[in-house]
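S.K.: would you be able to build a 3D model of this:
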Amino acid sequence: MTLRSIFLPLVPALLCAAPALASEDAALAEVVADAGAEEQAEVAVSVQSAPQQSQPGGAPPTFAFTKPVFDDTWATIGLGVGMVPSYAGSDDYIAFPLPLIVGRVAGMGISPNGPGFLIDLNPGKPGLAPQKGARIAFGPAFRFRNDRNVQIKDEVVARAGKLDAALEVGGHVSVAWRGIFKPVDQLGVGVQARRDVLGAHGGLVIEPQVTYRAPIGKAIVLQAQMSAEFVDDSFAEYYFTINPAQALATGLPQFRADGGLNRIGTTAILSYDLDRNPLNGGWSVTGVGGISRLLGDSADTPFTAQRGDANQFILGLGLAYTF
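M.R.: Below is the predicted model of the structure:
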């Protein structure tokens, strides 16, 4: 549930005011959006369209069917509030709001990607249409990253200076299978590759992800994700190196960071439809919790090792409306 036609122009400004732990924001962005609306709809239609018992006197069975909101064009718009680290590696946490949107328009799917979005050029059939076998999703990927750009709560780290915001642009590809353990669950395996185009870190980021999504009854959807983040030397140097001038300003030792495996993490998301009928859209509440671990030089830099914590947590809650 993120960035669509109405909110898309607002995203850059909002992200500049949001914390920059992009790897954690990715999960937070899903607080309001991509929590399995299509899967919920399939569960609802399978229940609501099922024939009822014959009526007294031999009357024919009745059907209760509602026209689904999840057709060729639909959207979920919402607002989430989350607690995330003030920068990648911080042990200080801050709250921030983030308006988001997800949906399907003009034959394309749009979904959240942290402070950014993915466009799916092969979204498949609408949510209630049968889909058998694996589906390949692909398209452009965008991610805003404003790590150590705003809200640096640690005064020592703040003396190292603010960093520029980055815009990472690239592509994504994934394969999804339905019916793994139950008829309407879904397992997806994919990867993103993005490069900064604003000249901030100027580096390359590669993110493999494994996602499992399943309805729990008619009103709740669970989504669990495992992910990793690989970065190049330009990225690592920009965010985790401490040069002589920064060492003098902060009192921290000098440190030279190299690229590699930067982070691993897992996130769980629960979405609850308030009228217990996801088929008709309307209001839903979603909660998210997650933990990730910084690795390599992102964990060893004094910004993390002396002033923060390699273990990073997120917690969030959101309210959304689907139409």
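
S.K.: which residues in the stretch 201-323 of the chain form strands?
M.R.: Under the criterion DSSP state E, counting those that start in this stretch, strands of the stretch 201-323 of the chain are mapped to 204-216, 220-231, 260-273, 282-294, 311-322.

S.K.: and the first one, C-alpha only, in PDB?
M.R.: Coordinates of each C-alpha in strand 204-216 appear next as PDB, following Å, rounded to 0.1, in the frame of the first residue of the first chain:
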ATOM      1  CA  LEU A 204      24.800  -0.400  -6.100                       C
ATOM      2  CA  VAL A 205      22.300  -2.200  -3.800                       C
ATOM      3  CA  ILE A 206      21.100  -5.800  -4.400                       C
ATOM      4  CA  GLU A 207      18.200  -7.200  -2.200                       C
ATOM      5  CA  PRO A 208      17.100 -10.800  -2.400                       C
ATOM      6  CA  GLN A 209      13.800 -11.500  -0.700                       C
ATOM      7  CA  VAL A 210      11.600 -14.500   0.200                       C
ATOM      8  CA  THR A 211       7.900 -13.700   1.100                       C
ATOM      9  CA  TYR A 212       5.100 -16.000   2.300                       C
ATOM     10  CA  ARG A 213       1.500 -14.700   2.500                       C
ATOM     11  CA  ALA A 214      -1.600 -16.500   3.700                       C
ATOM     12  CA  PRO A 215      -5.100 -15.700   4.900                       C
ATOM     13  CA  ILE A 216      -6.100 -16.700   8.400                       C
END
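
S.K.: which stretches of this protein have low pLDDT?
M.R.: 1-67, 126-131 (pLDDT under 70).

S.K.: what do you get if the cut-off is 50, keeping everything else the same?
M.R.: Residue ranges of the chain with pLDDT under 50: 1-55, 61-64.

S.K.: so can I have CSV of the strands of the stretch 201-323 of the chain showing distance to residue 68?
M.R.: C-beta here means a position set from N, CA and C on the backbone, and glycine is covered the same way. Shown next, in CSV, are those (distance: least, Cβ to Cβ, whole Å):
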stretch, distance to residue 68
strand 204-216, 15
strand 220-231, 15
strand 260-273, 13
strand 282-294, 12
strand 311-322, 11
